[in-house]
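Enquirer: When you get a sec, could you give me coordinates for this:
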Amino acid sequence: MRRSAGYAQRKPASTVAAGQTRLRASHDVNDAGPAVQEKNVRWPDRAGNLLTAWVDRLPPGLRRIVSRELAGFAILGAFTFTVDLGLLTALRYGTSLPLPVAVSIAYLTAFALNFVLNRTVNFRSHAPAGPQALRYAVVLVGDYAITVGASTGLTMLGLPFPVARVIASMFVAAFTYSASRWWVFRERPEPTAEGDETPRDVGILVSPAVEP
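Expert: The predicted structure is shown next:
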């Protein structure tokens, strides 16, 4: 028996009820007050906002150059360098460890701290930490190669070694930031059932449409 053109197919009651429940839940989240929304923010996000919120108050032209990620990377780099130097000083004068051992302990500690802080606070990545740690180790090897190569090459060109070392550090900083942002902590899109790629953890809540 053919259906008439004006016949509207009804959805099962369970489907309609489920859609209404999801809609109410999304409204509850979207309509939550500032206090509730602030409570739901993770501590790394709070720390990152506290660290780089001043970037949003820069002039528009300067904001196109200095991003939040760049500012956070520089601040965290300075912090972990201070940790490296402080720990090295404590190990050097407070223990009987040989200098190479003290340097290695301090450097690896600062390296691990820099990785964790950049991953959670600055770039706020939710991807698996294992592959990112391996990529970050590769970046560390690149840092070492650039440091040795640039310092040696610039010194051979006639620059004083301290000047060559500072310039090499600038090269290393540019390389490390670029590799961290666009390779180490880059969020890979996940393929959907239809074969499309959807970014992970987009953080956008979309309310489902409910047909009348």
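
Enquirer: residue boundaries of the strands in this protein?
Expert: 190-191, 197-198 (DSSP state E).

Enquirer: mean pLDDT for those: which is lowest?
Expert: Among the strands of the chain, strand 197-198 carries the lowest mean pLDDT, a mean of 48.

Enquirer: tell me the contacts of Phe175?
Expert: 139, 142-143, 146 (CB atoms under 8 Å, 6 or more residues apart in numbering). All C-beta spots, glycine's among them, are computed from the backbone N, C-alpha and C.

Enquirer: Any of these buried? List them.
Expert: For those, a neighbour count by 16 or more other CB atoms under 10 Å gives the buried set as 139, 143, 146.

Enquirer: My guess is the last one contacts Ala173. True?
Expert: The reference is to Ile146. No. The pair Ile146 / Ala173 is not scored as a contact, 9.9 Å apart, by CB atoms under 8 Å.

Enquirer: Show me the shaky parts of the protein.
Expert: For the chain, the stretches with pLDDT under 70 are 1-41, 43-44, 47-48, 187-212.

Enquirer: so where do the helices sit in it?
Expert: Along the chain, counting by DSSP state H, helices occupy 13-30, 34-40, 43-52, 60-63, 68-94, 99-117, 129-156, 161-179.

Enquirer: Can I get these in JSON lines including distance to Phe185?
Expert: Below are those laid out as JSON lines (distance: least, CB to CB, whole Å):
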{"stretch": "helix 13-30", "distance to Phe185": "27"}
{"stretch": "helix 34-40", "distance to Phe185": "23"}
{"stretch": "helix 43-52", "distance to Phe185": "13"}
{"stretch": "helix 60-63", "distance to Phe185": "21"}
{"stretch": "helix 68-94", "distance to Phe185": "9"}
{"stretch": "helix 99-117", "distance to Phe185": "10"}
{"stretch": "helix 129-156", "distance to Phe185": "6"}
{"stretch": "helix 161-179", "distance to Phe185": "9"}
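
Enquirer: Can you say which of those helices is nearest to Phe123?
Expert: With CB to CB, the closest approach to Phe123 among the helices of the chain belongs to helix 68-94: 6.3 Å.

Enquirer: List the buried residues of that closest one.
Expert: 68-69, 71-73, 76-77, 80, 84, 87-88, 91.

Enquirer: what's the answer for stretch 108-117, then?
Expert: Buried, per 16+ other CB under 10 Å, within stretch 108-117: 109-111, 113-115, 117.

Enquirer: Name the member of those residues with the shortest distance to Gln132.
Expert: Nearest to Gln132 out of the buried residues of stretch 108-117 is Phe115 (CB to CB; 7.8 Å).

Enquirer: Ignoring the adjacent residues along the chain, who's closest to that closest one?
Expert: Sequence neighbours aside, Tyr136 is the residue nearest to Phe115 in space, at 5.2 Å (criterion: CB to CB, 6 or more residues apart in numbering).
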